[in-house]
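Colleague: kindly return the folded structure for what I paste below:
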Amino acid sequence: MIATFLVGLSLAQAAAVWDQPNPDPAAEMIGGILRYLKAQTPRPAPQDLAAILGVVDKRVAQTADLDLTGSLQHPALRATHGKFRAYAVRWPVLDGITAEGILLQPSGPVRERIVAVPAAGMAPEQFASMQAKAANGAQVLIPVLIDRESKWSGNPELGKSTKQTHREFLYRMSFPLGRHLIGYEVQKVLAAVDWFAAQTPAVPISAYGIDDGAAIAAYAKALDPRIQNAYGNGYPWDRSGIAQEPIDRNIWKIRQASNIAPLASFNEEKALVTIPVVDAEARMHRQFDEISDFNQKLIAKSERVREQLWAGTPNKDTIRKTLWNDVLGRIPKSSIPLNIRRRQSYETDKWTGYEMQFDVLPDVFAYGVLLVPKNIAPGEKRAVIVAQHGLHGRPQHLFLQSGTREADVYRNIAATLADRGHIVYVPQNPYTGMNAEFRTIVRHGNPLGLSLYSFILAQYEKMLDVLALEPAADMNRLGFYGLSYGGKTALRIPALMPQFRAVVCSGDFNEWIYKLTTVNATYSYMFTPEYEILEYGLANVANHAEMAMLVAPRAFLVERGHRDGVGADEWVAYEFAKVKRYYDENGWGDRTGLALFNGPHRIDAAEAIPFLEKWLRAKAID
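Modeller: Presented below is the predicted three-dimensional model:
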């Protein structure tokens with residue numbers, strides 16, 4: 001028997017007896033989310049293609065002539081044919097970013113202008129088919145794309161190297177900034193079109209591409225009507241398999257975009273002359289460094305973007321909507337029955353623990369453990385505190401642990417809170433499993449405009465419905481205590497869900513945008529495997545300080561150990577100062593704090609528990 005959610009029933013009445021729980025709820029949960037995603041049929045609609053590609057920066061004005069790149073040993077003129085010449089050239093794109101490649105200049109009148117985009121890792125000199133075009137009067141610019149080697153994906157000065165390809169490394173750096181490596185390369189094509197458009201005579205402009213270059217040609221044509229024709233070979237236009245392709249092709253909402261048409265193919269032809277490839281590695285290194293340096297400057301600029309967003313009297317409801325809908329990805333709340341399953345699984349002399357599972361979306365469920373104190377009198381209401389585990393965690397790690405790593409990290413915080421008389425719910429979040437299959441959720445979700453937190457938010461929405469059925473649960477006194485990845489949850493969930501009245505973010509609060517994108521600190525996520533934490537354009541909406549400001553005026557505490565390796569005290573203090581100023585200036589200064597302790601990455605609770613109890617006993621906060 002599986003019970004259905006009925007308004008007016010208690011949790012005990014609404015829940016079915018659960019005789020055969022899943023042997024591994026976390027693995028089943030992740031599998032269900034992936035099934036849900038794979039079953040989704042994209043509903044294409046016109047998207048702001050420039051925004052999702054990150055083609056948002058103003059291009060610099062083109063000069064009358066392209067820059068020739070060469071030396072005495074290797075002159076810019078690389079090859080000569082009776083009907084065209086090949087030059088090594090460079091042209092400006094953005095402030096600090098150039099394009100480099102080959103210009104094929106016909107000897108006679110120019111009848112057509114072509115931007116030809118090779119595959120990643122293919123030298124522009126090797127785009128042989130364009131030589132026949134040049135021989136027939138086409139002026140051709142061929143930019144180089146970033147390759148998929150990994151030589152510069154790290155920072156040797158910090159002793160940091162990775163196996164990320166150059167394309168992945170720059171993709172990861174760009175994504176939270178609302179930019180994309182593909183977008184930068186589209187800009188290089190459009191800058192070539194800018195130059196073409198200024199030339200005389202005015203003749204048709206076309207784009208050609210191979211593999212990744214074909215996609216870039218298609219995006220450029222969709223963005224710029226000056227490109228009259230575009231052709232592409234070797235690119236998988238069916239985007240249903242994008243999750244299995246290189247991660248640098250991951251584009252937010254791209255499967256929902258209807259304004260991108262697959263390109264017709266073109267006939268590939270043999271080269272008419274050999275164009276030598278000269279100093280290819282040095283050229284690639286310059287192109288890599290230019291994009292990296294541009295992104296590093298954007299990190300600082302993003303802070304000013306957020307300051308402008310929050311200047312004066314910001315509309316926090318609008319910011320919440322942007323954060324949920326456009327950055328994290330919102331799944332409309334499902335009307336499917338909760339179908340609550342519950343069974344008693346744990347007991348001490350002070351509380352009883354129930355495993356619970358309930359449905360959220362087709363194939364997607366939520367699971368957790370509810371600890372209910374035994375000394376609740378009939379009709380009495382108690383505060384409810386959600387205690388959230390970190391990466392690879394399980395609800396059971398937060399109670400009844402002894403002599404384990406989990407005991408050291410979580411310090412039985414859920415049991416401690418229940419011992420003190422609070423109702424405690426410990427959810428299972430999907431960021432777990434040592435095979436890290438959960439990370440592939442974003443590979444399937446991002447192209448649909450969904451992230452890992454799309455599902456966590458959907459689970460939390462239903463979770464609040466379930467907790468409201470517990471007779472003793474006072475949902476007006478709802479608290480949150482999360483560590484590490486649970487600290488990430490402590491920032492995102494209460495920022496978007498006003499039901500939480502007091503929040504403790506432990507072992508996560510940080511100068512988050514810097515931590516995601518910098519190549520100049522050992523703490524950076526640029527050097528770690530966690531690609532799933534990237535949220536598109538987050539830097540332009542909210543860092544951790546702004547998430548905490550969305551929690552305001554509700555109570556918010558940061559907990560941090562001095563030796564916590566997720567960051568530095570100085571980073572945390574810098575970011576928290578913005579929070580403290582915001583609370584102080586609005587007259588809520590006593591509702592926030594920074595609890596530092598002498599320890600590593602773990603729960604401390606010395607200040608956190610009194611903080612939660614103070615504000616969960618307080619009257620409702622306006």
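
Colleague: against residue 348, how distant is the residue nearest to residue 142 when sequence neighbours are not counted?
Modeller: In space, not counting the residues next to it along the chain, residue 142 is nearest to residue 124; the distance is 3.8 Å by CB to CB, 6 or more residues apart in numbering. Glycine gets a C-beta too; all of them are placed from N, C-alpha and C. Going from residue 124 to residue 348 by CB to CB, to the nearest Å gives 70 Å.

Colleague: list the buried residues in stretch 606-616.
Modeller: Residues 607-609, 611-613, 615-616 are the ones in stretch 606-616 that count as buried (16 or more other CB atoms under 10 Å).

Colleague: and the residues you listed, which of them are in helices?
Modeller: 608-609, 611-613, 615-616 (DSSP state H).

Colleague: low pLDDT regions in this structure?
Modeller: 1-10, 12-17, 19-21, 618-622 (pLDDT under 70).

Colleague: again, 80 this time
Modeller: 1-22, 45-46, 434, 618-622 (pLDDT under 80).

Colleague: in it, where's the longest helix?
Modeller: helix 280-309.

Colleague: got the buried residues for the helix or strand following that helix?
Modeller: Of the helices and strands lying after helix 280-309 in sequence (DSSP states H and E), the nearest is helix 316-321. Buried positions in helix 316-321, judged by neighbour count with 16+ other CB under 10 Å: 319-320.

Colleague: can you tell me which residues contact the residue lying farthest from the centre of the chain?
Modeller: Distance from the C-alpha centroid of the chain, by CA atoms, centre = their mean, peaks at residue 82 (51.2 Å). By CB atoms under 8 Å, 6 or more residues apart in numbering, the contact list for residue 82 reads residue 107.

Colleague: distance-wise, check the residue nearest to residue 142 relative to residue 213.
Modeller: 10 Å.

Colleague: overlap in contacts, those two.
Modeller: 116, 118.

Colleague: wait, isn't residue 495 in contact with residue 322?
Modeller: No - Residue 495 is beyond contact range of residue 322, at 11.8 Å (criterion: CB atoms under 8 Å).

Colleague: give me the more crowded residue out of those two.
Modeller: residue 495 (26 against 17; other CB atoms under 10 Å).

Colleague: nearest residue to the more buried one in space, please, no chain neighbours.
Modeller: residue 550 (3.8 Å).

Colleague: now the phi/psi pair for the one you found, please.
Modeller: phi -70, psi -30 (degrees, to the nearest 10).

Colleague: now do the contacts for it.
Modeller: Residue 550 touches 316, 319-320, 323, 495-496, 542, counting by CB under 8 Å, 6+ apart.

Colleague: ok, so of these, who is nearest residue 337?
Modeller: Closest approach between the contacts of residue 550 and residue 337, by CB to CB: residue 496, at 24.3 Å.

Colleague: how much space separates that closest one from residue 566?
Modeller: From residue 496 to residue 566 the distance is 22 Å (CB to CB).

Colleague: show me which of these two is the more surrounded one.
Modeller: residue 496 (21 against 18).

Colleague: for that one, grab phi and psi.
Modeller: Torsion angles, degrees, to the nearest 10, at residue 496: phi -110, psi -20.

Colleague: rewinding a little: just give me the closest of the contacts of residue 550 to residue 555.
Modeller: residue 495 (13.4 Å).

Colleague: does the closest one lie in a helix or a strand, and which?
Modeller: helix 485-496.

Colleague: for the helix or strand following that helix, list the C-alpha coordinates in CSV.
Modeller: Remark: after helix 485-496, the chain's next helix or strand is strand 500-506, criterion DSSP H and E. Extracted as CSV, the C-alpha positions of strand 500-506 are listed here (Å, rounded to 0.1, in the frame of the first residue of the first chain):
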residue,chain,number,x,y,z
PHE,A,500,13.2,29.2,7.1
ARG,A,501,13.5,31.6,10.0
ALA,A,502,17.1,31.0,11.1
VAL,A,503,20.0,29.6,9.1
VAL,A,504,23.5,28.3,9.9
CYS,A,505,25.9,28.0,7.0
SER,A,506,28.9,25.9,8.2
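
Colleague: next, the angle from strand 500-506 to helix 485-496.
Modeller: If you take axes from the mean of the first three to the mean of the last three CA atoms, to 10 degrees, strand 500-506 sits at 150 degrees to helix 485-496.

Colleague: name the residues that touch strand 500-506?
Modeller: Outside strand 500-506, the residues touching it (CB under 8 Å, 6+ apart) are 386, 476-484, 486-487, 490-491, 493-494, 544, 548, 551, 554-560, 603-604, 608, 611-612, 614-616, 620-621.

Colleague: got the angle between it and helix 608-617?
Modeller: Going by the same axes, to 10 degrees, strand 500-506 makes 170 degrees with helix 608-617.

Colleague: adjacent strands (with direction) for strand 500-506?
Modeller: Using DSSP bridges, the strands paired with strand 500-506 are strand 473-483 (parallel), strand 555-561 (parallel).

Colleague: buried residues in the first one?
Modeller: Meaning strand 473-483. Using 16+ other CB under 10 Å as the test for burial, strand 473-483 gives 473, 477-483.

Colleague: of those, closest to residue 249?
Modeller: residue 482 (32.6 Å).

Colleague: report the contact partners of the closest one.
Modeller: 386-388, 390, 488-490, 504-506, 508.

Colleague: 7 Å instead?
Modeller: 388, 489-490, 505-506 (CB atoms under 7 Å, 6 or more residues apart in numbering).

Colleague: repeat for residue 68
Modeller: Residue 68 touches 76, 87-89, counting by CB under 7 Å, 6+ apart.

Colleague: residue 136: neighbour count?
Modeller: Residue 136: 13 neighbours (other CB under 10 Å).

Colleague: actually residue 232, not the one I typed
Modeller: 25.

Colleague: repeat for residue 538
Modeller: By other CB under 10 Å, neighbour count at residue 538 equals 26.

Colleague: equivalent analysis for residue 522, please.
Modeller: 11.

Colleague: secondary structure class for it?
Modeller: Each residue gets one of three states, and residue 522 gets coil by DSSP: H, G, I helix; E, B strand; the rest coil.
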